Structures are given as structure tokens and as C-alpha cells.
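In: Quick one, what's the 3D model for this:
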Amino acid sequence: MPEHPTTPVRGAAGPFTLAVCAEMVFRDLPVAERVRRLTALDVQVELWDWTRHDVDGLVALREEGAVFSSMTGYVRGGLVEPDAVAALLATAEESVAVARRLGIPRLNLHGTGLDRDGLPVVPVEVVTGRMWLAARETLARLAALGERHDVQFVLENLNRAVDHPGVPFARAEDTLDLVRAVDSPHLRMMLDLYHAQIGEGNLVELCRRALPWIGEIQVADVPGRCEPGTGEVAWPAVARALAQMGYRGTVGMEAFASGDPTAAVRAFRDAFTTGG
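Out: Below you'll find the predicted structure:
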């Protein structure tokens, strides 16, 4: 029998699938129009807190052809203290229901609850052994939730020096240790290379160590948190290294546009298509 042609994957570019965070580009437009613009540029769309959006409207955009890549997987709560854990697990359940309506495969987590400015609701300066064990147990429960509903939770590293002071379990090495300790395909890393460049550097080797545990990679240039090509990171070289080490997943641009948003998305695509 003849083979049927497969439907092209939205955002396919070389070895990677590309996505862009709708919260950070086309910011003068309503979210629905941002999603349409990104879809027209052939990238998938990332979201943050779903409670800030018209979910029914997002479902309609999906029916128009938009593909949603990831969103925040909880509304409030944290990984350690019992009341915070209860809130996190309850709002994760709610988030899973929304993710399934939107076809979203990855739900993003952080080391603690963040406010609208990205600052921890409860800052932590010293992480104890008890906190590590509690965080691992909470993440294992989230992985079990992901398994029940066929979604993947992803734990994002953050930088404490510039954007997120006081966040526990913030470094990429911290998130890698926790994800490895849980050892479930329904819990992986959201490896954010912008945050890692500020906090740790040595990006290619970091990607190599983390490769088996990566659910998605996010990028923005340093300094400034704008699109690739506006800062110090050699993104085409990073893309080549990722391709050579066998990464075949999603790369998401979680970055502001330094100027024209369309040009910013195209610069991102160039870095991770030509580079790959």
C-alpha cells in the first residue's frame, strides 16, 4: 500500500521543534492575536499562568491551527511545606484538566510559588536536607499525576542573581538532581539556558550531562533576556552541539523582542535551524 503523507509538525526546524512564549512577544496585542501571529510564523506557543487567559478562547485558537507547547503546571503552592504542597497538588490537578483541553504535553514547575513579578512568595536562602527530601516526595507525587493523565511535568531552573532571588532548588544542577532522584518519564527538566548562563555557564556540557532528563530547552540571550543574537551566547554553536549529542525535542524562546517581534522570532528560528 502507498504511504500516506504525514502532517508536518508545527514548528519543525531541522532536528528541533520550535516554540515561542506568547507572554513575552507582541506584547501590545491581545493574547489571542499573539497566538495567531506566532502560528503564522510556524512556531508552537508557550503560555504561563492559564488562569490569566480565556481558556475557551485558547481552545478555539487550537481549532484554528495553533499548537500549544507548554504552560505553568500549578497556580500556587510549593514543594516543601505541607500546606504549600497541598495547594500545589490541588492546582496541578486543575492545570492538568486545562492542559488536556489545549493539547499541552508539558506542565512547568518551579522550586516554589512565584508572584506576578517572578519573585518567590516565600523566599528561601538555605535549603536543608529535610527540604530536599520533601521536594523529592512532592515531585514523585506530581510524576504519578502526570502518568495518570499522560502529561509530563517539567521542573525549571531559575537564576537567583538577576530575576528570581530567594527561589530554592534554582540551579540547573539542583533541578537535575531532583529529576534524577524521582526517575520518572513524567517528570523531566525544563532546562532554561538563559538562567543557566547567568547562574552556571558552560552550557554545552550542562546540556550533555542533563540530556537524558530534558523535557524541553528554553532560551534567551544574556544579558537582556532578548532573542538569540542580542547577547553573548553563541546560539548556533549551542544548536549544533545539541543536534550532535542527539537532542530532538522542543526548543522554546522565552525571551523579549529587542525590536520587531517578527524579526525576533525569525532570528530565533535562524539560530536553531541553520545551527542545527
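In: Point out where the protein drops to low pLDDT.
Out: Low-confidence segments of the chain (pLDDT under 70): 1-8, 274-276.
In: pull the CA atoms of stretch 71-84 into CSV?
Out: This file holds the C-alpha atoms of stretch 71-84, laid out as CSV (Å, rounded to 0.1, in the frame of the first residue of the first chain):
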residue,chain,number,x,y,z
MET,A,71,2.2,26.2,30.3
THR,A,72,2.6,26.6,34.0
GLY,A,73,1.5,23.5,35.8
TYR,A,74,0.3,24.9,39.0
VAL,A,75,-1.3,28.1,40.3
ARG,A,76,0.0,28.4,43.8
GLY,A,77,1.9,26.3,46.4
GLY,A,78,5.4,24.9,46.8
LEU,A,79,7.4,21.7,47.0
VAL,A,80,8.2,21.5,50.8
GLU,A,81,5.8,22.7,53.5
PRO,A,82,2.6,20.6,53.9
ASP,A,83,0.1,23.4,53.2
ALA,A,84,2.0,24.6,50.2
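In: contacting residues around stretch 225-236?
Out: Residues outside stretch 225-236 that contact it (Cβ atoms under 8 Å, 6 or more residues apart in numbering): 163, 193-194, 197, 203, 219-224, 253, 255-258, 264-265, 267-268, 271-272, 274-275. To be clear about C-beta, it is placed using only N, CA and C from the backbone, and glycine gets the same treatment.
In: ignore the last one, stretch 36-50
Out: 10-11, 17-23, 25-26, 29, 35, 53, 58, 61, 64-72, 75, 95, 98, 104, 250, 252-254, 261-262, 265-266, 269.
In: Kindly format the C-alpha coordinates of that stretch as CSV.
Out: The C-alpha coordinates for stretch 36-50 follow below in CSV (Å, rounded to 0.1, in the frame of the first residue of the first chain):
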residue,chain,number,x,y,z
ARG,A,36,-2.3,33.9,15.8
ARG,A,37,0.9,35.8,14.9
LEU,A,38,3.1,33.1,16.3
THR,A,39,1.1,30.4,14.5
ALA,A,40,1.5,32.3,11.2
LEU,A,41,5.3,32.3,11.9
ASP,A,42,5.1,28.4,12.2
VAL,A,43,6.1,28.1,15.8
GLN,A,44,4.4,26.4,18.7
VAL,A,45,3.1,28.6,21.6
GLU,A,46,4.1,28.6,25.2
LEU,A,47,1.9,30.1,28.0
TRP,A,48,2.4,30.9,31.6
ASP,A,49,-0.4,31.0,34.2
TRP,A,50,-3.6,29.7,32.5
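In: Who does the one residue sitting closest to the centre of the chain form a beta bridge with?
Out: Centroid-nearest residue in the chain, with Cα atoms, centre = their mean: residue 190, separated by 4.9 Å. With DSSP bridges as the criterion, residue 190 is bridged to residue 156, residue 216.
In: Against residue 210, how distant is it?
Out: 11 Å (Cβ to Cβ, to the nearest Å).
In: And for residue 147?
Out: Distance from residue 147 to residue 210, by Cβ to Cβ: 21 Å.
In: do residue 216 as well
Out: Taken as Cβ to Cβ, the span from residue 216 to residue 210 is 11 Å.
In: joint contacts of the two?
Out: residue 191.
In: Which one of residue 147 and residue 210 is surrounded by more residues?
Out: Ranked by neighbour count (other Cβ atoms under 10 Å), residue 147 and residue 210 place residue 210 first, with 22 against 14.
In: check contacts around the nearest residue to residue 192 once chain neighbours are set aside.
Out: Excluding the flanking residues, the one nearest residue 192 by Cβ to Cβ, 6 or more residues apart in numbering is residue 218, at 4.3 Å. Taking Cβ under 8 Å, 6+ apart as the criterion, residue 218 is in contact with 156, 190-194, 251-254.
In: if we go to 7 Å?
Out: Going by Cβ atoms under 7 Å, 6 or more residues apart in numbering, residue 218 touches 190, 192-194, 252, 254.
In: how about it, secondary structure?
Out: strand (DSSP: H, G, I helix; E, B strand; the rest coil).
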